[in-house]
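Peer 1: Here is a sequence together with a model predicted from it:
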Amino acid sequence: MKSSLFAALSLGLLIGFQSHAQRTPSPSPAASLTQTVGITDFQVNYSRPGLKGRAAFGTTADAQTVRPYGQVWRTGANAATTVKLSTDASFEGQNLPAGTYSLFSIPAASGNWTVIFNKDVNATEQSYKPEDDALRVNVAPQNHGKLESFTIWFSDLTDSTAHFNFGWDQTMVATKVAVKTSALVEAGVAKSLAEKPEDPAVNQRAANYYLSQGKDLQKGLTLIDKALAAGENYQKLWTKAQLLMKLSNFKEALPVAQKALALGNANPDNAFNVFFKGQIENGLKDIQAKLPSVDEMKKKVSGKKKKA
């Protein structure tokens, strides 16, 4: 009985040891990153080789240099680096359709590097085929503070632009990225309205979009009125007040904003207390500043009587 128990324990320890021993540190550890630009998601999976006392780039690949100039590089290590786009995007002004691509590049000793997006996501430097390229762009390299490990990152983000960067050693390549965020959002808004024209939430989101863009304001007003017909709350009323303000209709905006503040104060939630209350109060001050005072109105009335 004791021998059987000892054997079972020994076997368990051995299995546990083997399971831990099966995984060892990789010389080029795996990494991934996700970046949203506007409403477009970029997913990058790659491995990160290290310098380990070498130079990243040189005229030949030898014990002192990792990658030679002028040759196709899988821009990472181990399996191909992949870049996934949830929508179409442009790199250096050239369109790349939504999808997943392997990333290659051709380092240059002088002049521009070539950055390549290839349709074969399993491509290696040996199996890479130029005819499978989805896009090639030329980008001037930049100097960078020393990076021991190869690194990919995004920077300079706006709602529709960014830089897609990779760097190693003291070299960085920054590719300009652009996405058609406004067109994508507008298409999404139009699709939602077509599919659910009477949905209050859809109408409210669409009205807020038109408000944020400062266009189609009258359409936004019609949509928020449809949302309000299904039930009032301070957020809907504040959206309507802001649309009226944008349309310079301050007289109608005043009671709507006042009602929004009253409803919020009557049943405050965290969003109202933290964000909306101060915004509505400041909005009311702006509206009242734009409206003529009682004295001004009396002067106008008095002036009309004298002329008569």
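Peer 2: Looks like it came in fine.
Peer 1: Please count neighbours and contacts with C-alpha atoms only from this point.
Peer 2: Noted.
Peer 1: ok, which stretches of the stretch 101-250 of the chain are strands?
Peer 2: 113-118, 133-139, 142-155, 161-178 (DSSP state E, counting those that start in this stretch).
Peer 1: I figured S90 was touching T181, is that so?
Peer 2: No: if you go by CA atoms under 8 Å, S90 and T181 don't touch, sitting 11.8 Å apart.
Peer 1: Out of the strands of the stretch 101-250 of the chain, which one sits most buried?
Peer 2: Burial of the strands of the stretch 101-250 of the chain is given as mean neighbour count (mean count of other CA atoms under 10 Å); strand 113-118 ranks first at a mean of 22.
Peer 1: and that strand with strand 133-139, angle?
Peer 2: If you take axes from the mean of the first three to the mean of the last three CA atoms, to 10 degrees, strand 113-118 sits at 160 degrees to strand 133-139.
Peer 1: quick one: strands adjacent to strand 113-118?
Peer 2: strand 99-106 (antiparallel), strand 133-139 (antiparallel) (DSSP bridges).
Peer 1: Excluding sequence neighbours, find me the nearest residue to A227.
Peer 2: P200 (4.2 Å; CA to CA, 6 or more residues apart in numbering).
Peer 1: is it true that that neighbour touches T222?
Peer 2: No: counting by CA under 8 Å, P200 stays clear of T222, with 11.8 Å between them.
Peer 1: quick one, which of these two is more surrounded?
Peer 2: Taking neighbours as other CA atoms under 10 Å, P200 and T222 compare with P200 leading, 20 against 14.
Peer 1: And for L291, the neighbour number?
Peer 2: L291: 14 neighbours (other CA under 10 Å).
Peer 1: Spell out which residues sit in contact with it, please.
Peer 2: 250-251 (CA atoms under 8 Å, 6 or more residues apart in numbering).
Peer 1: and the gap between it and M245?
Peer 2: From L291 across to M245, the span is 11 Å (CA to CA, to the nearest Å).
Peer 1: ranges for the helices of this structure?
Peer 2: 2-21, 181-195, 200-213, 217-229, 234-246, 250-266, 270-271, 277-290, 294-307 (DSSP state H).
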